[in-house]
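**Q** I'd like to go over a predicted model; first the sequence, then the structure.
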Amino acid sequence: MNESAEGSSAGRGEVSPYARSVEARLAAAMAELEATQKGVAKAEAELRRATRSVRSADRSVEVTVGSQGELTDLRFLDGKYRTMSPGELSGSVLEAFGRARTEIARQVMETFEPFTRPSAEVPELTGVDIDWAKIFGPEVLQDPDDRAQQASGHRLRDEIDEDEEH
């Protein structure tokens, strides 16, 4: 028994090719994990400072949101609000706020997109699967042009409804 142990490569302190392969893959996985952690920390720091400002389609208001979609500023532009009905003004605020939230959500998605991709070096690292629609709502996945058409249709229906009330 001693002879076979002494005669093997393991007995001489050498590492088998399989063990080297596992060690190399583990080292690559650890390096990629470290790089990912640094990348996520950098992305989080950037997003903490991120804001998005959007003007309403009628250019009467401008809203600014933070990276979590929170309203951080609301400005009424050029005194246009003075001639608007309460419904028109609230519609403009909500429209700009919705667009700003969607835009900042897309910025968050773009920032974290690299972490959703599978690893080229370590096939076992498949990337993070994030359900963006669950986090931000399904509208964040819609084409911005489609959303604009839907929004204009809602405004038209709102105006028709308001006319019927009067």
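**A** All right, it came through fine. Just so it is clear, the structure is predicted and the values come from calculations on it, not from any experiment.
**Q** C-alpha only now, for contacts and for neighbours.
**A** OK.
**Q** quick one: the strands in the protein?
**A** 51-55, 61-66, 71-76 (DSSP state E).
**Q** pick the most deeply packed of these.
**A** Comparing those by mean neighbour count (mean count of other Cα atoms under 10 Å), strand 61-66 ranks first with a mean of 22.
**Q** for residue 40, grab the count of nearby residues.
**A** Residues near residue 40, counting by other Cα atoms under 10 Å, number 16.
**Q** swap that for residue 140, please
**A** As a burial measure, residue 140 scores 21 neighbours (other Cα under 10 Å).
**Q** ok, the closest residue to it other than its chain neighbours - contacts?
**A** Leaving aside its sequence neighbours, residue 140 sits nearest to residue 102 (Cα to Cα, 6 or more residues apart in numbering; 5.5 Å). Residue 102 makes contacts with 136, 139, 140, as judged by Cα atoms under 8 Å, 6 or more residues apart in numbering.
**Q** which of those residues fall within helices?
**A** Secondary structure from DSSP state H places residue 136 of the contacts of residue 102 in helices.
**Q** now flag whichever of the contacts of residue 102 is closest to residue 19.
**A** Comparing the contacts of residue 102 against residue 19 with Cα to Cα picks out residue 136 as the nearest, at 44.8 Å.
**Q** list the contacts of that closest one.
**A** Neighbouring residues of residue 136 by Cα under 8 Å, 6+ apart: 102, 105.
**Q** and the gap between it and residue 101?
**A** The spacing between residue 136 and residue 101, counted by Cα to Cα, to the nearest Å, is 9 Å.
**Q** which pLDDT value goes with the residue most central in space within the chain?
**A** Centroid check for the chain by Cα atoms, centre = their mean gives residue 109 as the closest residue, at 2.1 Å. Each residue has a pLDDT score; the one for residue 109 is 88.
**Q** what sits against it?
**A** Shown here is residue 109, whose contacts under the criterion Cα under 8 Å, 6+ apart are residue 132.
**Q** redo that, cut-off 10 Å
**A** With contacts defined as Cα atoms under 10 Å, 6 or more residues apart in numbering, the neighbours of residue 109 are 103, 116, 130, 132, 136, 140.
**Q** from residue 123, how far out is it?
**A** Here the distance between residue 109 and residue 123 works out to 23 Å (Cα to Cα).
**Q** overlap in contacts of residue 136 and residue 101?
**A** Between them, residue 136 and residue 101 share the neighbouring residues 68, 69, with contact defined by Cα under 10 Å, 6+ apart.
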